[in-house]
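Engineer: pasted the sequence and its predicted model underneath.
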Amino acid sequence: MSGLDLAFYGRDTLEVAPDLLGKVLVRVVAGRRLTGRIVEVEAYKGPVDKGAHSYNYRRTPRTRTMFGPPGHAYVYLVYGMHHCLNAVTEPEGEPCAILIRAVEPLEGRETMARFRYGKDWDDLTASQRRNMTNGPGKVCQAFSITREWNGVPLDREEFHIAPGGLEPGERVLRSRRIGIDYAEEAVDFLWRFTLEEEEEA
DNA sequence: GTGCAGATGCGCT
DNA sequence: GCGCATCTGCACT
C-alpha cells in the first residue's frame, strides 16, 4: 500500500477536488521515480453534470470505472490521441471523478522530457519546460499513463498520490471548467480548482 | 502573449 | 457518422 488511504476519495467530489491540490502524483516507470505536485483539477459529478461522461448515471463500457469504488484511476482517450487521468470519488455506484489537469514536475524531469519530447531536459527550450505537465494530456504523456491503468487502485507503489498540501502564501481559486462548451448549464459550474500564489496586498 | 487549423481513434447515437 | 474532459506549430499583436 502506498499513498493516500483510499477512503480519502470516498467523499463528496467537491470536497475532494480542492483537497487534491498540493498532493503529489507518483509514478515509477522503468525504474525511474516520477513525481509532480498537483496544481489544477476539475470535478465531474456524473449524476447531475452534463459535462460528465456518466451524466444521469449513464452506464457504458467506458464509464464503468466511474461507477466503481473510490480511489481508482479512470483513464480514457480523448481526441483520438491524448489520455486523461482521473481519480474516482464518492461511494461505489456514484459515477464521479476528478480530472488531474496539471502538475508541477518534482522528481524525474529527465525521464519526463524523454516521454514528452524525446530529448534531454537540458536540451529543451524554456517553453517546452513550461509546457511539460500543464495540461491533462501532457501529464499522462510525461508520466507514461495509458489506458492500461484504467480501473487500477491508486495505492500501487508505481502509481499513487502521496500526501501534500498548500504552502504559505498559496490559495485555492475556483473557475469554470475547460473544454465542455456543450454542457449547457454545467458550463457555468465553478468546478475547476487551481493552486495560485496569494495576490500582493 | 492570443488565435486558429489539423491530427487522430474510439465511444456512442 | 459525429463529436469529443487536447496538443502542437505557426501566424500575428
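Structural biologist: Noted; the coordinates are in hand.
Engineer: DNA strand C contacts on chain A?
Structural biologist: By the rule Cβ under 7 Å from any atom of the strand, the part of chain A lying against DNA strand C is A:42, A:44, A:51-54, A:66, A:74, A:78-82, A:84, A:86, A:97, A:99, A:116, A:131, A:135-139, A:178-180, A:182. Just so you know, the C-beta spots here come from the backbone N, C-alpha and C atoms, and that holds for glycine as well.
Engineer: what's the pLDDT at A:Glu200?
Structural biologist: You'll see A:Glu200 listed with a pLDDT of 56.
Engineer: report the beta-bridge partners for A:Glu104.
Structural biologist: A:Arg37 (DSSP bridges).
Engineer: skipping its backbone neighbours, what lies nearest A:Phe159 in space?
Structural biologist: Spatial nearest neighbour of A:Phe159, chain neighbours left out: A:Arg27 (5.5 Å); criterion: Cβ to Cβ, 6 or more residues apart in numbering.
Engineer: chain A: helices as residue ranges?
Structural biologist: Per DSSP state H, chain A carries helices over the ranges A:13-20, A:64-67, A:109-117, A:126-130, A:136-142.
Engineer: need those helices in JSON lines (columns: mean pLDDT and mean neighbour count).
Structural biologist: Formatted as JSON lines, these follow (pLDDT from 0 to 100; neighbours: other Cβ atoms under 10 Å):
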{"stretch": "helix A:13-20", "mean pLDDT": "98", "mean neighbour count": "20"}
{"stretch": "helix A:64-67", "mean pLDDT": "98", "mean neighbour count": "20"}
{"stretch": "helix A:109-117", "mean pLDDT": "97", "mean neighbour count": "20"}
{"stretch": "helix A:126-130", "mean pLDDT": "94", "mean neighbour count": "11"}
{"stretch": "helix A:136-142", "mean pLDDT": "98", "mean neighbour count": "22"}
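Engineer: good, wrapping up.
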